[in-house]
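Asks: Provided below are the primary sequence and the corresponding predicted coordinates.
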Amino acid sequence: MDAEVSVKWGARYDRVSIDLNHNFLRYFNNLVLNTRIELVYLSGSAIYLTRNGNVAQHKSLVRFGNRSLAGLLARARYAVFGIDYEGHGRSTGSRCYIKKFENVVNDCDEFFKSVCAEKEYRLKGRFLYGESMGGAVALLLHMKEPSFYNGAVLAAPMCKISEKLKPHPVVVNILTGFEDLIPKWKIVPSKDVIDSAFKDPVKREEIRNNKLIYQDNPRLKTALVMLRTSMRVEESLSKVTLPFLVLHGDSDTVTDPEISKALYERASSKDKTMKLYPGMWHGLTAGETDENVGIVFTDIVAWLDKFTGEGSNLIVEPLHEAFDFGIEKLPSPLPPAKKHSIGSYLCGIKETRTLHSAI
């Protein structure tokens, strides 16, 4: 996809530029994490898109460019940045293996702060977006530094285990006894998430045919980590204080709508909104009809615009002067991407580059 127009930095932008290049961030154990800016529009705020660890959350890789939520947000004048978790999407590591959820949260924390540290973004509003597992990541990022982000949009967030799906304690104890012996074994029974998450049959097949989508049973360690993380987040819902918009389809069978209701009811946030969509499934922004996706997208942008529009009193917390991100360039593992008139941008720097995080 070619860029429509080029933009210059340091101005109020009224046009959209497109950059589909992939960039990489390498962290402490030499894994390469895929990061990218999909479409660029910098007018009022920067929105940070957290990549999710399950199949339903790789939508921006499946529906790349203008058809993705990131593309739609960019056209609505928001800069969108994303990261694929370790072992997910185009990042390296054992496929869909999560040893510690803290690693996922810390990777996102460092990458997003490296974006915030760039001159172009220091005074921009900061909003988190997360679906399903990404919702848990977003909430934990907020709890890590409660005043750093200005708000969050959470779609069917993983913040509680539904009583209908909670495994029996005996089953959990048995699995726990084997997690250090066979942590990567794909032995946890699971229904076909693709069939359950994506309602539109054409989009469902598009996702099923994507080679980046993990479609095996969950690994033992990953499943237990996800269970413990959900329980941890559930116990901390009252600590949520940032403004948020939580979205859920009332026909979602992957994550029960009662989960979003629990977040809405228990969170201490003074500004919180919940929207329940009749007849919609889990994949609100990737698996519904274009008409339904448009409804969800309109709600998201309207909520964001409330905080970033003219007359809003958005306060952006400054970064600590002593914070060291340990970023440096590395040779790119990918062949050169097609150049667009805008060049290649990551965190507002005009060049194709890769990043090294020395943690």
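Replies: Nice, thanks for sending it over.
Asks: Count residues in the vicinity of the closest residue to Thr289 other than its chain neighbours, would you?
Replies: Taking C-beta to C-beta, 6 or more residues apart in numbering, and ignoring the residues beside it in sequence, Thr289 has Asp200 as its nearest neighbour in space, at 5.4 Å. For glycine as for every other residue, the C-beta is placed from the backbone atoms N, C-alpha and C. By other C-beta atoms under 10 Å, 18 other residues sit near Asp200.
Asks: Can you list the low-confidence ranges for the chain?
Replies: Within the chain, the ranges that satisfy pLDDT under 70 run 1-30, 35-67, 165, 320-359.
Asks: Identify the single longest helix in it, thanks.
Replies: With secondary structure taken from DSSP state H, the chain has its longest helix at helix 290-308.
Asks: Do a quick rundown of the strands in the stretch 101-250 of the chain.
Replies: 125-131, 151-155, 244-249 (DSSP state E, counting those that start in this stretch).
Asks: Mind listing the strands the second one pairs with, and their directions?
Replies: Just to be clear, that refers to strand 151-155. strand 125-131 (parallel), strand 244-249 (parallel) (DSSP bridges).
Asks: Over to Ile259: give its phi and psi.
Replies: Dihedral pair for Ile259: phi -70, psi -50, per degrees, to the nearest 10.
Asks: Likewise for the one 4 residues further on?
Replies: Reported as degrees, to the nearest 10, the phi and psi values for Leu263 are phi -60, psi -50.
Asks: Leu237 versus that one, what's the distance?
Replies: As judged by C-beta to C-beta, to the nearest Å, Leu263 and Leu237 stand 6 Å apart.
Asks: Check Asn150 too.
Replies: Using C-beta to C-beta, we find Asn150 at a distance of 20 Å from Leu237.
Asks: okay, the two: which has more neighbours?
Replies: Comparing Asn150 with Leu237 by other C-beta under 10 Å, the one with more neighbours is Asn150, at 22 against 17.
Asks: wait, the more buried one sits on Phe244?
Replies: No: using C-beta atoms under 8 Å, Asn150 is not in contact with Phe244; the gap is 10.5 Å.
Asks: check contacts around Leu175.
Replies: By C-beta atoms under 8 Å, 6 or more residues apart in numbering, the contact list for Leu175 reads 188, 220, 223-224.
Asks: One more pass at 10 Å, please.
Replies: Shown in contact with Leu175 (C-beta atoms under 10 Å, 6 or more residues apart in numbering): 167, 187-188, 220-221, 223-224, 227.
Asks: Wasn't Glu86 part of a strand?
Replies: No: Glu86: not assigned to a strand; according to DSSP: H, G, I helix; E, B strand; the rest coil it is coil.
Asks: So what's the residue count around it?
Replies: For Glu86, the neighbour count with other C-beta under 10 Å is 24.
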